[in-house]
Every structure is written in C-alpha cells, then in structure tokens.
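Q: My questions concern the predicted model and sequence given below.
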Amino acid sequence: QVQLVESGGGLVQAGGSLRLSCTASGRAFRMYTIGWFRQTPGKEREFVGSIRANDGGTHYVDSVKGRFTISRDDAENTVYLEMNSLKPEDAAVYYCAADYLGPGTEDIRRYDYWGQGTQVTVSS
C-alpha cells in the first residue's frame, strides 16, 4: 500500500511554469507506476501523463506533449510533473495516482491509490 501527497500547485500566468510533486509513503515505491490526472468542476477526471515503474517510460496525453515532463526519484519516493508554457485550459486540480507495476495506461480504473490533489490556476 502507498499513500500519496501532491504539492506545488498555485497561481501562474499563462506561459509560465510550475513543478508539481507527488510524494509517497509506504514501501516499494519504485514498484508503482504513477499517473497524473486533472479535473475541473463539472468534468470527469482526465489523464495527463504517467511514468512506469522499473523502466521509467513515460506517456502523455496529446494536449500536453512537449510542454509537460514527468520524472521520478525513487530514492526520494517522489514523482514530479514539470509544466511549462501553461495555458488557461491547463487550470485544474491535479492528482497523482499509483498502479502497482502498471503499464502507464490512461485508464483511470487501473490506479488504486490517489492523493488529495493540488490546485493549479492559470491566469490569462
């Protein structure tokens, strides 16, 4: 089992950058694929990107490719979401989630453990 806590959200101007962190407690963090999702009021939670356990392979939704980068530091039990060239439509509550040895899929149902979320606001 793993517990996740997101941090790093805040207010940024369009075109700016933020780095979100997802820090885990629990054992064997390196065995968990971590996904990032986001949600705005009245909409379903959507996949943003993921980083696989073991090989660190990443996968992103098309709308963030080239702007967002996910990395992990297993020694620190932390996964990062670096967000650049932010747009107003990127504003949302961002969540990280864990899937034991998962493939890094966009399917939200694979992810068993979730953080509480962190708010990202982008001003135009």
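A: Perfect, thanks for sending it.

Q: okay, CA-based contacts and neighbour counts for the rest of this
A: OK.

Q: Now Arg109, what are its backbone angles?
A: Arg109 has phi and psi values of phi -70, psi -20 when expressed as degrees, to the nearest 10.

Q: How much space separates it from Thr58?
A: Look at Arg109 and Thr58: by C-alpha to C-alpha, to the nearest Å, they are 18 Å apart.

Q: give the contact list for the residue nearest the centre of the chain.
A: In the chain, the centroid-proximal residue (C-alpha atoms, centre = their mean) is Trp36; its distance is 2.5 Å. By C-alpha atoms under 8 Å, 6 or more residues apart in numbering, the contact set of Trp36 is 47-50, 81, 94-97.

Q: any chance you could map the strands in this protein?
A: 2-7, 10-13, 18-26, 32-39, 46-51, 58-60, 68-73, 78-83, 92-100, 113-114, 118-123 (DSSP state E).

Q: I figured Gly115 hits Gln3, correct?
A: Yes - here Gly115 lies in contact with Gln3, judged by C-alpha atoms under 8 Å, at a distance of 7.1 Å.

Q: returning to that earlier point: possible to save the strands of the chain as TSV with mean pLDDT?
A: Shown next, in TSV, are the strands of the chain (pLDDT from 0 to 100):
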stretch	mean pLDDT
strand 2-7	97
strand 10-13	98
strand 18-26	95
strand 32-39	98
strand 46-51	98
strand 58-60	98
strand 68-73	98
strand 78-83	98
strand 92-100	98
strand 113-114	98
strand 118-123	98
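
Q: what residues are up against Gly102?
A: When contacts are counted by C-alpha under 8 Å, 6+ apart, Gly102 touches 32-33, 52-53, 110.

Q: Please determine how far it is located from Val61.
A: If you measure Gly102 against Val61 using C-alpha to C-alpha, the figure is 17 Å.

Q: got it, and Gln1?
A: For Gln1, the distance to Val61 under the criterion C-alpha to C-alpha works out to 27 Å.

Q: what does Ala92 give?
A: Summarising the geometry, the distance separating Ala92 from Val61, computed by C-alpha to C-alpha, is 15 Å.
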